[in-house]
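In: I would like the atomic coordinates for the input below:
(one chain, ligands or ions: 2)
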Amino acid sequence: MTTIKVGVFGASGRVGKLLIEDLKNTQGMGLSSVYVRNSLDFAIDPSVLVTSDMHSFIGASDIIIDFSLPEACEALLEEAIKTPKPLVIGTTGLNTHQLNLLKQASELMPVLYATNMSLGVALLNKLVHQASAALEGFDIEIVEMHHRHKKDAPSGTALTLAESAANGRNLDLDKVRVSGRDGNIGERTKDEIAVMALRGGDIVGRHTVGFYNDGEFIELNHTATSRNTFSKGALRAGKWLSDKEPGLYSISDCLEL
Ligand SMILES: NC(=O)C1=CN([C@@H]2O[C@H](COP(=O)(O)OP(=O)(O)OC[C@H]3O[C@@H](n4cnc5c(N)ncnc54)[C@H](OP(=O)(O)O)[C@@H]3O)[C@@H](O)[C@H]2O)C=CC1
Ligand SMILES: O=C(O)C1=N[C@H](C(=O)O)C[C@H](O)C1
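Out: Residues are numbered from 1 along each chain as shown. Ligands and ions are numbered 1, 2, ... in the order given. Model prediction:
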């Protein structure tokens with residue numbers, strides 16, 4: 001069996017470090033290159049290319065896995081457009097320009113973009129879509145909780161869940177999303193979908209989508225208890241993506257949900 005050479009972008013980060021560890025125990029895949037801005041604060045096999053040159057980084061790998069920051073992801077996409085390689089993108093908080101770049105890249109190479117690499121959240125999105133359509137008249141509210149170091153808010157996962165909820169009711173999320181409530185704001189409107197973010201401690205990731213009506217409510221909740229859920233999910237996605245045609249793929253495609 002040939003070994004898929006993996007390049008890790010965001011290697012010094014919380015998820016990047018786990019990708020490097022998990023790759024040691026992943027059959028059919030091996031670490032070949034890491035991109036670093038400065039130096040790594042941990043030892044790495046000398047056969048791995050450690051570089052701050054994006055072109056060499058991409059060239060040394062069969063697939064690239066990215067967990068970084070939006071501006072870093074943007075630079076990666078720009079370089080990948082010149083040297084196409086299958087890309088697994090886990091970075092959240094991408095702006096419209098960066099999302100367009102991602103779509104442009106997917107015309108040249110297979111790109112899997114997932115705001116959450118877990119199986120549980122992939123299923124949760126399906127359940128939220130179904131519940132949103134079935135529970136007509138129920139108010140939808142989303143709450144996410146993450147560790148104190150997280151920079152973007154609300155989480156990418158919460159926004160994807162909100163999209164699933166809005167799609168279930170044929171609503172345009174941009175028109176119905178509420179991102180904060182403070183002061184004399186008046187009564188809740190029928191279609192609004194609130195997405196609220198809490199930050200603290202070392203919470204890996206918790207998302208609750210509530211459907212509230214008079215006399216009853218349902219809350220669908222997912223809690224990630226280990227960040228390895230994301231690194232392992234991204235490696236599974238990378239293996240799946242490695243022989244795909246150019247296109248934009250989701251985690252549901254990979255998991256056949
Ligand atoms: N899709 C999913 O399942 C998940 C997504 N995420 C998302 O992944 C991203 C990373 O999360 P996390 O690992 O916690 O973040 P960290 O802050 O721990 O890591 C960020 C990484 O990006 C690198 N980086 C930052 N800026 C640049 C730049 N300009 N050029 C190159 N590299 C850069 C950092 O390198 P340096 O050390 O040099 O600063 C670091 O290696 C976030 O967007 C997060 O929301 C997180 C978990 C799961
Ligand atoms: O930054 C994190 O930690 C996480 N980010 C992702 C997001 O923004 O949804 C996924 C996960 O919840 C952890």
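In: Where do the strands of the protein begin and end?
Out: 4-9, 29-35, 49-51, 63-66, 87-89, 110-113, 139-146, 177-178, 193-199, 205-213, 216-224, 247-249 (DSSP state E).
In: now the third one: mean pLDDT?
Out: Strand 49-51 carries an average pLDDT of 96.
In: For that strand, buried residues please.
Out: Using 16 or more other Cβ atoms under 10 Å as the test for burial, strand 49-51 gives L49, T51. Every C-beta, even on glycine, is put in place using the N, C-alpha and C of the backbone.
In: That one pairs with which strands, and in what direction?
Out: Strands adjacent to strand 49-51 in the sheet, as given by DSSP bridges, are strand 29-35 (parallel).
In: can you check the fourth one too?
Out: Listed by DSSP bridges, the sheet partners of strand 63-66 and their directions read strand 4-9 (parallel), strand 87-89 (parallel).
In: can you tell me if that strand touches ligand 1.
Out: No. Taking Cβ under 6 Å from any ligand atom as the criterion, strand 63-66 and ligand 1 are apart, separated by no less than 8.0 Å.
In: and for that strand, what are the contacting residues?
Out: By Cβ atoms under 8 Å, 6 or more residues apart in numbering, the surrounding residues in contact with strand 63-66 are 4-10, 19, 57-58, 72-73, 76, 80, 85-91, 234-235, 238, 241-242.
In: What is the burial count for the residue in the stretch 1-150 of the chain that ligand 1 sits nearest to?
Out: The nearest approach of the stretch 1-150 of the chain to ligand 1 comes at G13, 2.2 Å away (Cβ to the nearest ligand atom). For G13, the tally of surrounding residues (other Cβ atoms under 10 Å) stands at 17.
In: Next up, the contacts around it.
Out: By Cβ under 8 Å, 6+ apart, the contact set of G13 is F67, S68.
In: If we use 6 Å, what do you get?
Out: Going by Cβ atoms under 6 Å, 6 or more residues apart in numbering, G13 touches F67.
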